[in-house]
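J.: structure, please.
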Amino acid sequence: MNRELSWLQFNRRVLQEAEHHSTPLLEKMKFLSIVSTNLDEFVSIRVAGIMDKVKSGDRTADFTGYVPEALLRKSIAMINTLVEDQYKSFHQVCGQLKDNGIMFTDMEALDSAELQKLEEYYMESILPVLTPLAVDRSRPFPLLRSKSIYIAVILKQRKTDPDSEAHLALVEIPANLPRYIEVSSTEGHPERRFILIEALIKQHIHRLFTQYVPVSLHAFRLTRNADLTLDEEGAEDLLDEMERALQTRRWGAPVRLELENSFNPHVLKLLEAELEIDDDHLLLTSSGPIDLSFLMDFSFSLSGYDHLKYPAFNPIYPQELSHADFFSVLRSRDVMVFHPYESFDCVNDFVQQAANDPSVLAIKMTLYRSNGDSHIIQALSRAAEMGKQVTVVVELKARFDEARNIEWARKLEQAGCHVVFGLAGLKIHAKMTLVVRREAGSLQRYVHVATGNYNEVSARIFTDIGLFTSNPQIGEDVANLFNKITGFAVPSWNCLSVAPTHLKQQLFQCIQREAEHASAGKPARMIAKMNALSNREMIDMLYSASQAGVHIDLIVRGICCLRPGIPGLSENITVRSIVDRFLEHSRIFYFENDGSPQIWLSSADMMTRNLDRRIELMCPVSDTEQKSLLFQLLSLLLEDNVRARQLLSDGQYRMVDNEAPRVRSQSDAKLLIDKKNRLADRPQDESSAAGFPFETYADEQQPGSVMYH
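T.: Down below sits the predicted model:
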């Protein structure tokens, strides 16, 4: 199945969360926002790439049979339908919010006192930053910013006849001002009412054009091609080259034009001519405010409406790490942590303890996407200032986080860290931290590897898994991988599998081994959880294993190009996608292995870019209890019949719905991890000699959870 169309189906599943009757109202607003931000990236990168192929005359069909022109037409049609349904949902949610005392209103609905207060706000906070851009013979059409909202203003001179020449001006809505403004409640209006900034600007647009009469006002938004062209091989300084490329991104070729309803046809004709918009571009007319991404902030900022949101969720601190210092714990056992159910503070504390410990000699870490006020970056800076050897691999090419990564890189360099920007042609996507500590006259390595980024914010809303260990083989492998990235090392591996050299081959070997077991009549099964599956070789390998009799359960949140359930090809493969409160992000690969299961955690999805064009790692889980816990977690995901969608052989997704007890995997996973922590807090003689019996978790996997009810 086609990669781009599969992604659009995923964004449709996100929209379904906004449409679902059980989703709280303000959470519906968040999902509507996510649909918009998802589309922004998809349009500016993927659709833009297809357009480039069409313009170049490329008629090559992809392996699903689509030539670029046909794929572009299909994508545009699906996007138009998706956006139309998104705005239908938006208006429905607005109606329901109005019943709860929250509403977006029009200027005409406000009384004189409210209008006066808004006018004062406009004069003080908005007017000084507005810049009218006239379009006439002496002033050429301005270069419009990508994803900024503009108001197109048609003006006529005062005291002239109605048929006099019209003039056009554009006004950019400042992106650094709040998109919505709360109207002060008066005695007659107990509800909370909001107007959008564009409505207030329109109301007072005449103050920008004192000698003219505005006769038409309509908003629009342009999206440009945002894919970066980076000359990594020829660049003398990769940091400078990235900064140069970022400057060009905002002026890429037009891809999409979003218009306010009833947009002036004469202005549209001018925009199409100036921007060279034709039938190969996305032209969308919105039945509501352009760009609904502001709804995320709107939903978060509203206080006093907890009943319209998911119940507050507070992750717990991992019990295994709460009683002693990290190093003493990890010398005796590995510790696995599950975000967002367990707090990311443990990762911060690990780095901070390493930074403050006088016995720690070196810290090495990869950073792909981190939050702006990261405690980790502060700890690394402090460690370098204290004289420790600190090496930070900063991936500058993390899409749309490039500017932030440049800022971190400069701060870390100023603190004395060795900052490395990776390898030409390869993104560094592996998530790993290495701490080298002097203990009893020798050096000991401590490692953290993870499926997700070192980001405190995303760790509260993404499901990810981290493994803390002092395993010597893993420590040696991680040290070798850092040496490969920062130097000229050509390492061999003890237990890790690393892309782009070995990881795909390791997966192939594991899948082939399951096929051989199935052919021999031995137990053979595979469960794989990931964000996307699009690599053709991997899909063909899974088809072959299915034909050999291997039962394969795939949990793929987003893109899935494999077609399950086809007799003779993939009848032994099931695919399901779970879209819920938290973004499913962890990558877990389970292989039955004739009754001796192997489980791997990975930073990589089964996509060509991950397997062939990135540095990724896949780490085995050796602890029996942890493997049991991961299997139970995978089982919950496969039993989900509340938020799971199953992929059918015709390429469509349907909700999993049956008469079995309701299982909502994320809520039950919370119960599972809570019990893990309760058992970890028991005295040794109250559990098992080896730790704690994970098989006892099953007795508390009840449907529903305090997280939702």
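J.: run through the chain and note the low-pLDDT ranges.
T.: By pLDDT under 70, the weakly predicted segments of the chain are 159-164, 185-189, 228-250, 371-372, 396-405, 422, 424, 681-709.
J.: what's the closest non-adjacent residue to the most centrally placed residue in it?
T.: Residue closest to the mean C-alpha point of the chain, counted by C-alpha atoms, centre = their mean, is Leu583 at 7.7 Å. What sits nearest to Leu583 in space, not counting adjacent residues and going by C-beta to C-beta, 6 or more residues apart in numbering, is Phe462, at 4.8 Å. Heads up, the C-betas are built off the backbone N, CA and C, glycines and all.
J.: now the one you found. Its backbone dihedrals?
T.: With angles defined as degrees, to the nearest 10, Phe462 shows backbone torsions of phi -110, psi 140.
J.: tell me how far the residue nearest to the centre of the chain lies from Val337.
T.: The spacing between Leu583 and Val337, counted by C-beta to C-beta, to the nearest Å, is 17 Å.
J.: mind listing the helices in the stretch 401-550 of the chain by residue range?
T.: Secondary structure of the stretch 401-550 of the chain (DSSP state H, counting those that start in this stretch): helices at 402-415, 472-486, 503-519, 536-547.
J.: in the lengthiest strand in the chain, what counts as buried?
T.: Scanning the chain for the strand with the most residues, using DSSP state E, yields strand 212-224. By 16 or more other C-beta atoms under 10 Å, the buried positions in strand 212-224 come out as Tyr212, Pro214, Ser216, Leu217, His218, Ala219, Phe220, Arg221, Leu222, Thr223, Arg224.
J.: returning to that earlier point: may I see the helices of the stretch 401-550 of the chain arranged in JSON lines, with distance to Asp640 as well?
T.: Compiled in JSON lines, those are given as follows (distance: least, C-beta to C-beta, whole Å):
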{"stretch": "helix 402-415", "distance to Asp640": "34"}
{"stretch": "helix 472-486", "distance to Asp640": "31"}
{"stretch": "helix 503-519", "distance to Asp640": "24"}
{"stretch": "helix 536-547", "distance to Asp640": "21"}
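J.: could I get those as TSV with distance to Phe313 and mean neighbour count?
T.: Formatted as TSV, the helices of the stretch 401-550 of the chain follow (distance: least, C-beta to C-beta, whole Å; neighbours: other C-beta atoms under 10 Å):
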stretch	distance to Phe313	mean neighbour count
helix 402-415	26	17
helix 472-486	31	19
helix 503-519	33	19
helix 536-547	35	19
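J.: out of those, which comes closest to Ser301?
T.: Using C-beta to C-beta as the measure, helix 402-415 is the one of the helices of the stretch 401-550 of the chain that comes nearest Ser301, at 22.3 Å.
J.: alpha carbons only: can I get the closest one in PDB?
T.: Taking Å, rounded to 0.1, in the frame of the first residue of the first chain, the C-alpha atoms of helix 402-415 are listed here in PDB:
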ATOM      1  CA  GLU A 402      17.000  22.300  13.600                       C
ATOM      2  CA  ALA A 403      17.100  25.800  15.000                       C
ATOM      3  CA  ARG A 404      16.600  24.600  18.600                       C
ATOM      4  CA  ASN A 405      19.300  22.000  18.200                       C
ATOM      5  CA  ILE A 406      21.700  24.700  16.900                       C
ATOM      6  CA  GLU A 407      21.000  26.800  20.000                       C
ATOM      7  CA  TRP A 408      21.700  23.800  22.300                       C
ATOM      8  CA  ALA A 409      24.900  23.000  20.400                       C
ATOM      9  CA  ARG A 410      26.300  26.500  20.900                       C
ATOM     10  CA  LYS A 411      25.400  26.500  24.700                       C
ATOM     11  CA  LEU A 412      27.000  23.100  25.200                       C
ATOM     12  CA  GLU A 413      30.200  24.200  23.300                       C
ATOM     13  CA  GLN A 414      30.400  27.300  25.400                       C
ATOM     14  CA  ALA A 415      30.200  25.200  28.600                       C
END
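J.: helices or strands next to that helix in the packing?
T.: Applying 3 or more C-beta pairs under 8 Å, 6 or more residues apart in numbering; DSSP states H and E, one finds that helix 402-415 contacts helix 238-249, helix 375-385, strand 389-394, strand 418-420.
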